[in-house]
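Asks: Build me a model from this:
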Amino acid sequence: MKNEKYLSNLVGAFATAVASEVETNISELGGRSLSHEVALVAIHNHPHETIDILSKVLGITHSGTVRLINTLEKEGLVERHKSPQDARSVVLCVTLDGRIRVESILKSREGVTSKLLESFNDNQKQDFLKLLEIAMSNLTDKEVEARRVCKLCNEGVCRKFGCPVENAIK
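Replies: Numbers count the residues shown, from 1 in each chain. As a prediction, this is how the structure comes out:
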């Protein structure tokens with residue numbers, strides 16, 4: 001393809017623009033930081049996971065994740081519980097206030113992505129969806145990386161349709 005570099009450049013610019021707009025909108029919600037908001041969504045999407053797993057998903061140190069969770073816990077957004085599988089481990093869950101916060105984060109993200117799709121007609125949206133599913137299914141075949149890709153997703157929506165990222169690791 002003679003325009004492959006152009007296509008690659010546009011994909012990069014598109015991804016950067018979307019990420020930047022999502023980050024801006026989420027920061028306007030008034031939370032502490034994007035890391036805190038992402039952690040809340042990740043915990044909401046995968047309750048009863050350990051701090052160690054969350055650390056890997058967020059790509060920050062274990063001690064950094066503990067400090068982040070301490071803050072979220074003090075704010076009443078996250079709770080720690082003993083793991084049912086291993087009494088020595090602690091697992092994380094969002095509280096009711098945490099779920100409300102997650103809903104506002106996901107609504108903010110959806111506002112950005114919906115706005116981007118407004119100029120597409122229904123056929124273009126279906127074509128774009130097919131291309132995204134192909135592209136997303138090729139991002140990784142490892143569970144932690146898949147969780148990292150989807151850490152700010154509304155997984156309740158994707159799971160109904162068969163998330164291409166999750167399906168790639170099965």
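Asks: so where's the chain uncertain?
Replies: Counting by pLDDT under 70, the chain shows low-confidence ranges at 1-2, 170.
Asks: the strands in the protein, which residues?
Replies: Listed from the start of the chain, the chain has strands (DSSP state E) covering 49-50, 78-82, 90-94.
Asks: Kindly compare burial across these and name the winner.
Replies: Comparing those on average neighbours per residue, with mean count of other C-beta atoms under 10 Å, the densest one is strand 90-94 at a mean of 20. To be clear about C-beta, it is placed using only N, CA and C from the backbone, and glycine gets the same treatment.
Asks: Can you spell out which helices and strands pack onto it?
Replies: The helices and strands touching strand 90-94, judged by 3 or more C-beta pairs under 8 Å, 6 or more residues apart in numbering; DSSP states H and E, are helix 34-45, strand 49-50, helix 51-58, strand 78-82.
Asks: how about those in CSV, adding distance to G98?
Replies: As requested, those are exported to CSV (distance: least, C-beta to C-beta, whole Å):
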stretch, distance to G98
helix 34-45, 6
strand 49-50, 14
helix 51-58, 14
strand 78-82, 6
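Asks: For the protein, give the helix that spans the most residues.
Replies: If you go by DSSP state H, the chain has its longest helix at helix 4-27.
Asks: So for this structure, the centremost residue is which one?
Replies: For the chain, the residue lying nearest the average C-alpha position, counting by C-alpha atoms, centre = their mean, turns out to be L152 (1.7 Å).
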